[in-house]
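J.: kindly return the folded structure for what I paste below:
(chains A and B)
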Amino acid sequence: MRVAVRKLDGVESVEVSLERASADVHLRPENQVTLSQLRKIIKDNGFSPREATVTVVGTLVERGGKPALSLTGSGIVWLLTPAEGENTAYNDALQRIKTAPTAPVEVVGTVAVLSNANQPEELSVQSLKPASK
Amino acid sequence: MMSNLKLGAAALALILLVPSVARAELRRVDLKIFGMD
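T.: Sure thing, here's the model as predicted:
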C-alpha cells in the first residue's frame, strides 16, 4: 500500500502506522492528488478507508448559501461545517467569503466517508488561515 | 470559434499570472484505515 501511494505523482512521503491504523501522506506543491485516489489505493489493498484529516489549500465559495472550499483545477468542492466545539474557523470562513472571496486559504479539517456517494463531501473545519506563498 | 480561443487564452493567462489560483491542492492527508488495527 505504501509503495502504491508513493507511486502517485506529487507524493512527497508516506508513513503507514499500524499502531495508529493510518496513512500519513505529505504532498508536494502543485500536486494533483485527490482524496478519492488515496481511498481507492487503500481499498485496492484490501482495507477500508475511514475519515481523513486533511490540510488543503483552496478558495472559499458559496454553495446553496453555505460556505464551501473549492479546490481550483480539480472541480472538487467540499461543503464546510464547524468542527465539534470549534466555531472560530467556520465563522472566519463565513466572514472571508464576504470580505476576501478570491484569496486562497489553507484549511485543516476532517472529511468523513460518505455512505451515499452522491452526497456532497463535507469538510469539518478545525483551522483556517491565509495560504502561504 | 474565435471567441472560444480568446476565452481559452484569457483563462490560461489568468492561471499563469495568478499562481494562487492554480495552487489549490491537498498538502497533507492523514487517512484512518479500518482493518489494520
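
J.: hey, let's count contacts and neighbours off CA atoms from now on
T.: OK.

J.: and A:Leu94, how far from A:Ala103?
T.: A:Leu94 sits 13 Å away from A:Ala103, taking Cα to Cα, to the nearest Å as the criterion.

J.: with B:Glu25 instead?
T.: 14 Å.

J.: could you do A:Pro120 as well?
T.: 23 Å.

J.: ok, the two, which is more surrounded?
T.: A:Ala103 (15 against 12; other Cα atoms under 10 Å in any protein chain shown).

J.: run a quick neighbour tally on A:Gly46.
T.: Neighbour tally, A:Gly46, other Cα under 10 Å: 13.

J.: list phi and psi for it.
T.: When read as degrees, to the nearest 10, the backbone of A:Gly46 gives phi 90, psi 10.

J.: swap in A:Asn31?
T.: Dihedral angles for A:Asn31 - degrees, to the nearest 10 - are phi -70, psi 160.

J.: does it touch A:Asp9 like I think?
T.: Yes. Taking contacts as Cα atoms under 8 Å, A:Asn31 lies within contact range of A:Asp9: 7.1 Å.

J.: quick one: which of these two has more around it?
T.: Ranked by neighbour count (other Cα under 10 Å), A:Asn31 and A:Asp9 place A:Asn31 first, with 17 against 12.

J.: measure that one to A:Ser132 for me?
T.: Counting by Cα to Cα - A:Asn31 and A:Ser132 are separated by 16 Å.

J.: A:Ser13 too?
T.: From A:Ser13 to A:Ser132 the distance is 20 Å (Cα to Cα).

J.: the two: who's more crowded?
T.: It is A:Ser13, of A:Ser13 and A:Ser132, that has more neighbours when counted by other Cα under 10 Å, with 14 against 9.

J.: okay but the more buried one is in contact with A:Ala23, surely?
T.: No. Taking contacts as Cα under 8 Å, A:Ser13 lies outside contact range of A:Ala23: 10.2 Å.
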